[in-house]
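1. need coordinates for the below:
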Amino acid sequence: MPHPRVRTVGAARSLLTLSCAAMLVLAGCSGGAHGTPGAAGVGDPYFRKLGNGGYDVTHYGLTLSYEPKQRHLVGTAVVTARATRDLSSFHLDFQGLHVNGVTVDGKRARFSRDGQELTVRPRAVLREERTFRATVRYSGTPESITDPDGSQEGWLPTADGALALGEPAGAMAWFPGNNHPSDKARYDITVTVPRGLQAVSNGEPTRESIRDGRTTFVWHVGEPMATYLATVAIGRFETRRSALPGGLPVVTAVDPAEARESASVLDRIPEVMEWAEHNFGPYPFSSVGAIVDPAEEVGYALETQNRPVFTFAPDLSTLVHELAHQWYGNSVTPDSWRDMWLNESFATYAEWLWEEDHGGPSARQTFDELYDGDYFDDEEQSEDVWAFPPAKPPSAARISDIPVYYGGAMVLHKIRETVGDDRFYAIIQGWAKAHRHGNADTAAFTAYVEDMAPGEDFDGIWRDWLYGEGKPAER
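-> Residues are numbered from 1 along each chain as shown. Next comes the predicted model:
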């Protein structure tokens with residue numbers, strides 16, 4: 001997103017067996033023949049209920065049918081996963097919509113709901129390391145979700161269709177899953193809409209067909225993707241398909257009302273991509289592009305995988321920011337929402353680097369303007385740069401605040417000035433390569449920087465700029 005256990009041995013064994021049977025979840029025992037329930041969260045410091053324990057998703061097969069006039073969605077989600085322990089039950093994150101039925105490996109499963117938790121109880125224990133398929137059939141009017149910071153996500157109605165956006169929690173409004181950035185998977189997304197409308201998603205289009213007055217669009221995502229980066233845009237679009245000089249497919253879909261104003265910026269995608277690959281290393285995905293689709297009361301852009309979504313005609317800086325996220329955030333994805341600064345600092349600093357390379361202010365000049373309070377016209381925004389440390393947002397409502405973006409970018413600039421340009425670019429390219437299609441946290445990043453620049457002292461940067469309270473005494 002642009003601008004946080006004095007008995008004999010035999011008696012002891014008997015006691016342990018009784019404890020496991022009576023206190024299975026609390027004692028944390030393996031569960032033997034009975035298995036144990038998977039956790040209803042992964043312990044994210046800001047979103048305790050997001051994600052689920054006991055399994056790892058490898059693929060989502062989503063089949064959707066949508067009627068915009070009635071705002072009615074019918075869906076089937078096939079979640080292919082590997083059990084990471086013996087499971088008697090497991091959770092999926094899913095909010096709103098009616099669950100019509102659940103099967104596990106083709107056999108009907110019992111299920112229950114509590115808020116955003118869909119608990120599935122298969123007929124037999126799912127053994128550790130076993131791959132299983134949970135199929136959830138659902139329907140109804142999907143919800144929009146209000147984030148802790150007041151912004152809107154989830155399934156958002158538009159003038160001619162809908163737009164699905166997921167950061168941080170919105171994916172669970174339109175499909176059940178393990179809704180946390182730490183569990184990435186591949187996707188196949190099939191969407192059927194009334195004839196005359198289109199459905200655009202992540203990855204590449206593989207098939208389009210018309211039947212009984214409705215059109216079906218099929219999209220394939222071949223690289224791992226976090227749930228919050230999945231999108232579907234339904235409506236009327238001016239769609240263009242082309243390729244970069246190296247053959248990388250480019251797919252853009254623009255609402256006709258935004259086409260003229262968007263054209264000059266989107267035409268620069270090849271130029272921005274060439275510059276980004278030079279600075280950040282090889283592009284990590286199999287296509288690129290953009291979606292421009294106005295959604296009422298949204299007003300932000302999002303780095304959805306392969307093609308960012310803009311709910312307005314983008315300016316060049318925002319395009320640079322969201323494309324930089326494809327490396328930092330989408331390919332190298334944070335372990336938890338505490339590590340949001342790793343996404344936004346890189347994308348913000350990419351804007352500074354672009355300006356520096358294209359006749360604008362140097363990154364140092366931008367750094368100084370922020371330090372001196374001259375970057376923002378609004379004095380309150382200038383003071384907000386120092387509201388909290390970039391790596392320590394005080395709450396879920398603050399993970400997308402100014403310090404995460406601009407304070408984080410200042411951390412990167414301090415690293416650059418410490419190690420010099422050659423080593424700095426080796427660090428940011430190496431970081432993208434080392435964690436390509438994976439997850440990482442702040443501790444991994446600071447350790448990586450230190451390993452790449454032996455002999456340099458980063459203690460002051462980490463203490464004062466990354467974790468320090470207030471404005472550092474010296475720039």
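
2. can we go C-alpha only for contacts and neighbour counts from here?
-> Fine.

3. now stretch 311-326, how far from the chain's geometric center?
-> 16 Å (CA atoms, centre = their mean, to the nearest Å).

4. what's that stretch in contact with?
-> Contacts with stretch 311-326, where a contact means CA atoms under 8 Å, 6 or more residues apart in numbering, come from 1-2, 258-259, 261-262, 265-266, 272-273, 276, 283-285, 292-295, 298-303, 305-306, 308, 343-344, 346-348, 350-351, 354.

5. avg pLDDT for the longest helix seen in the chain?
-> Identified as the longest helix of the chain according to DSSP state H is helix 340-357. Mean pLDDT, helix 340-357: 98.

6. which elements pack onto it?
-> helix 316-324, strand 332-334, helix 363-372, helix 408-419 (3 or more CA pairs under 8 Å, 6 or more residues apart in numbering; DSSP states H and E).

7. may I see those organised as CSV, with distance to Lys184 added?
-> Formatted as CSV, these follow (distance: least, CA to CA, whole Å):
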stretch, distance to Lys184
helix 316-324, 19
strand 332-334, 9
helix 363-372, 33
helix 408-419, 25
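
8. mean pLDDT for these - can I get that in a markdown table?
-> Below are the helices and strands packed on helix 340-357 laid out as a markdown table (pLDDT from 0 to 100):
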| stretch | mean pLDDT |
| --- | --- |
| helix 316-324 | 98 |
| strand 332-334 | 98 |
| helix 363-372 | 98 |
| helix 408-419 | 98 |
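
9. and the longest helix of the chain, which residues are buried?
-> 340-356 (16 or more other CA atoms under 10 Å).

10. who's in contact with it?
-> 1-4, 317-318, 320-322, 324-325, 328-329, 333-334, 361-363, 366, 390-391, 399-400, 404-410, 412-413, 441-442.

11. ChimeraX command to pick out the buried ones of those residues?
-> The following ChimeraX line selects those of the contacts of helix 340-357 that are buried, judged by 16+ other CA under 10 Å:
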select :1,2,4,317,318,320,321,322,324,325,328,329,333,334,362,363,366,390,391,399,400,404,405,406,407,408,409,410,412,413,441,442
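
12. circling back to that earlier point, angle of the longest helix of the chain against helix 363-372?
-> 120 degrees (axes from the mean of the first three to the mean of the last three CA atoms, to 10 degrees).

13. quick one, phi/psi of Arg113?
-> Main-chain torsions, Arg113, degrees, to the nearest 10: phi -130, psi 140.

14. list the contacts of it.
-> Per CA under 8 Å, 6+ apart, neighbours of Arg113: Thr119.

15. quick check: bridge partners of it?
-> Note on Arg113: beta-bridge partners by DSSP bridges are Leu118.

16. ok, it to Tyr406 distance?
-> 40 Å (CA to CA, to the nearest Å).

17. what's the answer for Thr192, then?
-> 41 Å.

18. isn't there a helix covering Ile427?
-> Yes - assessed by DSSP: H, G, I helix; E, B strand; the rest coil, Ile427 belongs to a helix.

19. any idea how far it is from Glu450?
-> With CA to CA as the criterion, Ile427 and Glu450 are 10 Å apart.

20. those two: which has the busier surroundings?
-> A count of neighbours by other CA atoms under 10 Å puts Ile427 above the other of Ile427 and Glu450, at 23 against 15.

21. residues contacting the more buried one?
-> Tyr448, Val449, Met452.

22. and what about the closest residue to the first one other than its chain neighbours, helix, strand or coil?
-> Nearest residue to Tyr448, sequence neighbours excluded (CA to CA, 6 or more residues apart in numbering): Trp431, at 7.4 Å. At Trp431 the chain is in helix, as set by three-state DSSP.

23. I'd like to know how many residues surround Trp431.
-> 22.

24. now swap in Phe376 and tell me
-> 13.

25. same question, the one 3 residues further on
-> With neighbours defined by other CA under 10 Å, the count for Glu379 comes to 11.

26. quick check: it vs Trp352, distance?
-> Glu379 sits 21 Å away from Trp352 when distances are taken as CA to CA.

27. repeat that for Ala199.
-> Counting by CA to CA - Ala199 and Trp352 are separated by 34 Å.

28. now swap in Ser264 and tell me
-> For Ser264 relative to Trp352 (CA to CA), the value is 21 Å.

29. now do Ser139
-> For Ser139 relative to Trp352 (CA to CA), the value is 45 Å.

30. can you check Thr76 too?
-> Counting by CA to CA - Thr76 and Trp352 are separated by 43 Å.

31. and the closest residue to Gly150 other than its chain neighbours, how many residues sit next to it?
-> Counting by CA to CA, 6+ apart, Gly150 lies nearest to Ala397, which is 8.0 Å off, once chain neighbours are set aside. By other CA under 10 Å, the residues close to Ala397 number 15.

32. before I go, just wanted to say thanks for your time.
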